[in-house]
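*Asks:* below are the sequence and a predicted model for it; my questions follow.
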Amino acid sequence: MNKLTKRDRTGERGSILALSAVGMLSVLLAVGLGVDISHFYLVKNELQNAADASALAAASAINSNPSGIVEGTTRAVEAMNNYDFNHKDVGVQRTDVKWAVNLDGPYMTEEQASTEAQAPTIRFVQVTTPASPVGVSFAAMVLGNSKNLSASATAGLSVPLNVFCNFIPLSVLIDNDETQLIKGKTYTIRASTGGSPSPGNYQILAVAGRGGVDVEFGVGAGVDACAEPGTVYDVDTKPGLTSGKVRKGINARFDDYAGSQLDPSSEPPDTNIKEGITWDDYSKFLGCGRPKAIACDPKYVTAPSHAGVDNRRVVLIPLVKVSEYDQGRDTVKFFRFGAFFLKTKVGGGNGGELEAEYIEDRLAIGEGGYNPAGVVGDPTLAAPVLYK
């Protein structure tokens, strides 16, 4: 019996080694598969982040004008192609950027969306990346040598805003029963010495601080605050013309930093500093000279010497009822907000009335939000947001 048992065991020699080798191979394959799949998820996440940034960049250019569609497409392509995946450019083309009136579509091409009739209705943009191959490192026998990944993102204008941020510390006066502003009309944003709403007040607000320098930075960069119209939000007025500080804040947006503490790197000028033009002139030439955009017309466009940012001449300004003002330092409430276009910079001296043109076109205004418990939002003011 002992001899028989030994003979049987001798025939099983090496089986443990073979089973171990097969098991080890299976474990290595499973680990490699896990590593590759994790890599796919990481690349997909990066690709999605890039698509999101691209769609938001496109939505930020929406301005109810064909130029906004063309410029938005350019921004989407530039933003997307700043990313590098698998040591290759993503290669997004203008045809990968689609536009729509409604979130669910139908989505149309740049050429279809950028007509005079269609552009004012556009609210959404969708960016889809072409298939990008990602190499398989460990599990090629199961997954193949590479896998194609793609991503899509949709952004657009938000619901009408009723919370507004980065407005400038000046105000537009309205009569107590006035609710409708007129498109294209110029409104006084700082009164002259003979047109103050009350003794000592010239429509300047102390929301950025009570000093003159606070006014300069607030006008030049926008105040670091948010407000809701129609709520109990009392703001101190800033008595005095404060002409020098207001002038420096506004003129910085026109690339004039003479005597100013503002820095063009942090408070840049507009990309178009041509004075005396209207909002329609300005918006028509948004992004002019860039890929696919119309050529810049010197009659309507002047480039700054410093690197500029689009729409720096578009400012949010609170509207205040005349009856809110009293003499000297006072507190006022915001009735509503409006977007205004700065047509000219400010000359020397105390100056007269400072005016800005009211914009009624729907456009991406920048920063803001929506409070469901707040007042009804302004349909012309929205922020670029990511939807899906």
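*Replies:* Great, that's in hand.
*Asks:* give me the phi and psi for residue 357.
*Replies:* phi -90, psi 130 (degrees, to the nearest 10).
*Asks:* quick one: stretch 124-137 to chain centroid distance?
*Replies:* Mean C-alpha position of stretch 124-137 versus that of the full chain (CA atoms, centre = their mean, to the nearest Å) differs by 23 Å.
*Asks:* ok, residue 198 - contacts?
*Replies:* Residue 198 makes contact with 325-327, 330 under the criterion CB atoms under 8 Å, 6 or more residues apart in numbering. The C-beta positions use only the backbone N, C-alpha and C, and glycine is treated the same way.
*Asks:* mind doing that once more with 7 Å?
*Replies:* Contact partners of residue 198, counting by CB atoms under 7 Å, 6 or more residues apart in numbering, are 325-327.
*Asks:* then residue 121?
*Replies:* Contacts were defined as CB under 7 Å, 6+ apart; by that measure residue 121 touches residue 101.
*Asks:* got the domain boundaries for this structure?
*Replies:* In terms of domains, the chain is parsed into 2-157, 160-368 (source: automatic domain parsing).
*Asks:* thinking again about what came up before, nearest to residue 257 among the contacts of residue 198?
*Replies:* Among those, residue 325 lies closest to residue 257 (CB to CB), at 31.7 Å.
*Asks:* what's the closest one sitting at in phi/psi?
*Replies:* Phi and psi for residue 325, reported as degrees, to the nearest 10, are phi -80, psi 140.
*Asks:* geometric centre of the protein: which residue is closest?
*Replies:* Central residue check for the chain by CA atoms, centre = their mean: the C-alpha nearest the mean position is that of residue 60, 4.4 Å away.
*Asks:* relative to residue 157, how far out is that residue?
*Replies:* Shown here: residue 60 relative to residue 157, a distance of 10 Å by CB to CB, to the nearest Å.
*Asks:* next: residue 384.
*Replies:* Following CB to CB, the distance that separates residue 384 from residue 157 is 7 Å.
*Asks:* on the pLDDT front, check residue 178 for me.
*Replies:* With respect to pLDDT, residue 178 has a value of 64.
*Asks:* what sits in contact with each of residue 60 and residue 157?
*Replies:* Shared contacts of residue 60 and residue 157, defined by CB under 7 Å, 6+ apart, are found at 364, 384.
*Asks:* go ahead and confirm residue 168 touches residue 220.
*Replies:* No. With contact defined as CB atoms under 7 Å, residue 168 and residue 220 do not form a contacting pair (8.5 Å).
*Asks:* which of these two has more neighbours?
*Replies:* residue 168 (28 against 24; other CB atoms under 10 Å).
*Asks:* tell me how many other residues crowd the residue lying closest to the residue nearest to the centre of the chain once chain neighbours are set aside.
*Replies:* Closest residue in space to residue 60, ignoring its immediate chain neighbours: residue 384 at 4.5 Å, by CB to CB, 6 or more residues apart in numbering. Neighbour count for residue 384, taken as other CB under 10 Å: 22.
*Asks:* for the stretch 51-200 of the chain, give me the ranges with low pLDDT.
*Replies:* 84-89, 135-146, 177-179 (pLDDT under 70).
*Asks:* now the strands: where do they sit in it?
*Replies:* Counting by DSSP state E, counting those that start in this stretch, residue ranges of the strands within the stretch 51-200 of the chain are 84-85, 88-89, 97-100, 124-128, 132-135, 146-149, 152-157, 163-165, 172-174, 186-190.
*Asks:* residue 43 contacts residue 147, doesn't it?
*Replies:* No. Here residue 43 does not reach residue 147: they are 9.3 Å apart, not a contact under CB under 7 Å.
*Asks:* and the helices in the chain?
*Replies:* Shown for the chain, the helices assigned by DSSP state H span residues 2-10, 15-59, 66-80, 110-113, 140-143, 212-221, 243-252, 279-284.
*Asks:* can you add mean neighbour count and distance to residue 370 and give the strands of the stretch 51-200 of the chain back as CSV?
*Replies:* Output for the strands of the stretch 51-200 of the chain, formatted as CSV (neighbours: other CB atoms under 10 Å; distance: least, CB to CB, whole Å):
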stretch, mean neighbour count, distance to residue 370
strand 84-85, 14, 35
strand 88-89, 11, 37
strand 97-100, 24, 21
strand 124-128, 25, 17
strand 132-135, 16, 36
strand 146-149, 15, 34
strand 152-157, 23, 12
strand 163-165, 22, 6
strand 172-174, 21, 22
strand 186-190, 21, 25
